[in-house]
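Colleague: Prediction below, plus the sequence it came from.
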Amino acid sequence: MNAKSTPHTSAGTAFASPEDAWFWTMGALQARRDGARRSGPAAIPRPCEPDDVVRCLDGLYRNRRINLSHARVLRQWGERQMPPQRGRAWGDDCQLWQEAMDRLAPALRQKGIVA
């Protein structure tokens with residue numbers, strides 16, 4: 001593995017949960033899409049970049065551990081910065097969210113992204 005493909009360094013505070021990592025990732029991706037540039041140290045240094053979390057998700061998709069329905073729910077609720085809740089969510093969103101988080105957690109822990 002070369003330096004460019006290394007997903008994280010030992011510096012930084014791991015996230016407490018896969019949900020925390022996902023919401024941070026979505027916030028960073030939204031800021032990037034809106035034109036924000038990295039302009040200094042983060043308030044809390046993290047052991048990864050947002051793209052590292054996305055790569056973990058991509059690996060799950062490629063290995064057929066999640067599908068496009070999971071990805072849709074992650075995107076929609078990630079943009080809202082909140083998990084789906086019974087009464088607010090429609091269809092199987094709560095179940096798909098939980099399945100995606102359960103499958104994402106080991107990959108993020110293995111990389112030191114989630115404690």
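Modeller: Great, that's in hand. As the structure is a prediction and not an experimental result, all values here were calculated from the model.

Colleague: all helices of this structure, in order?
Modeller: In the chain, the helices defined using DSSP state H lie at 18-33, 50-62, 68-80, 93-110.

Colleague: Looking at those, which is nearest to Ala11?
Modeller: Nearest of those to Ala11, taken as C-beta to C-beta: helix 50-62 at 13.6 Å. (C-beta placed from N, C-alpha, C; glycine too.)

Colleague: now that closest one and helix 68-80, what's the angle there?
Modeller: Angle, helix 50-62 to helix 68-80, by axes from the mean of the first three to the mean of the last three C-alpha atoms, to 10 degrees: 160 degrees.

Colleague: Show me what helix 50-62 is packed up against.
Modeller: When contacts are defined as 3 or more C-beta pairs under 8 Å, 6 or more residues apart in numbering; DSSP states H and E, helix 50-62 packs onto helix 18-33, helix 68-80, helix 93-110.

Colleague: residues near the residue nearest to Val54 when sequence neighbours are not counted, how many?
Modeller: Counting by C-beta to C-beta, 6 or more residues apart in numbering, the nearest residue to Val54 once its immediate chain neighbours are dropped is Thr25, at 6.6 Å. Counted with other C-beta atoms under 10 Å, residues neighbouring Thr25 total 24.

Colleague: In this protein, which residue is most central in space?
Modeller: Trp22 (2.9 Å; C-alpha atoms, centre = their mean).

Colleague: residues contacting that residue?
Modeller: Val53, Leu74, Gly78, Met101, Leu104 (C-beta atoms under 8 Å, 6 or more residues apart in numbering).

Colleague: Can you check the residues you listed and name whichever has the most neighbours?
Modeller: Val53 (28 neighbours).

Colleague: contacting residues for that residue?
Modeller: Val53 neighbours (C-beta under 8 Å, 6+ apart): Ala21, Trp22, Trp24, Thr25, Leu108, Ile113.

Colleague: I'd like these as TSV, with distance to Asp34 appended.
Modeller: Below are those laid out as TSV (distance: C-beta to C-beta, whole Å):
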residue	distance to Asp34
Ala21	20
Trp22	19
Trp24	16
Thr25	15
Leu108	25
Ile113	24
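
Colleague: ok, back up a step: between the helices of the chain, which gets nearest to Ile44?
Modeller: helix 18-33 (9.1 Å).
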